[in-house]
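*Asks:* Fold the following for me, if possible:
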Amino acid sequence: MNFCETQADKLVVAKDLRGNLLGWGAREHGDHNISDLWVAPHAQGKGVGAVLLGVLEAAIASSGFAFSELETYAGNVGAVRFYERWGYQPVWRGSKYSASLKYELDKIRFRKSLAVVE
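*Replies:* Okay, the predicted model is just below:
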């Protein structure tokens, strides 16, 4: 089984009016970390990522966390720009082993302060 099948309760999914998948995001461990954010190529640049990110941030804040964190491949210039545009600041950069790809990647970890919802 894959992550989307076994962890469906931790996913936020965006679909169009016809039910076509536009993107999804996840907090795999239910903490302050956004583990996944993916937007279909045809939906990129149309606000889908911003909506998914906002929903995940709101869930993190309502869980009492003061900040959110996420990591991305440093070579993904579009993702780096996207996260910086939405207020994320780099807090770490280095090599990290990808179990799914089975090799080291140059990664950046970002952090953003959140208003905690009470």
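*Asks:* host element of the nearest residue to Y97 once chain neighbours are set aside?
*Replies:* Excluding the flanking residues, the one nearest Y97 by CB to CB, 6 or more residues apart in numbering is E104, at 5.5 Å. Where you see a C-beta, it was placed from the backbone N, CA and C, and this is true even at glycine. Applying DSSP states H and E as the criterion places E104 in strand 103-113.
*Asks:* Return the set of buried residues in that strand.
*Replies:* Neighbour-count burial for strand 103-113 flags 105, 107-112 (criterion: 16 or more other CB atoms under 10 Å).
*Asks:* State which helix of this structure is the longest.
*Replies:* Ordering each helix of the chain by length in residues (DSSP state H) puts helix 48-62 first.
*Asks:* Would you mind listing the buried residues in whichever helix or strand comes after that one?
*Replies:* Using DSSP H and E, the helix or strand that follows helix 48-62 in sequence is strand 67-73. Residues of strand 67-73 classed as buried by neighbour count (16+ other CB under 10 Å): 67-72.
*Asks:* Local confidence estimate at the most centrally placed residue in the chain?
*Replies:* Centrality entry for the chain: nearest residue to the mean C-alpha point is L37, 3.5 Å, by CA atoms, centre = their mean. Note for L37: predicted pLDDT of 97.
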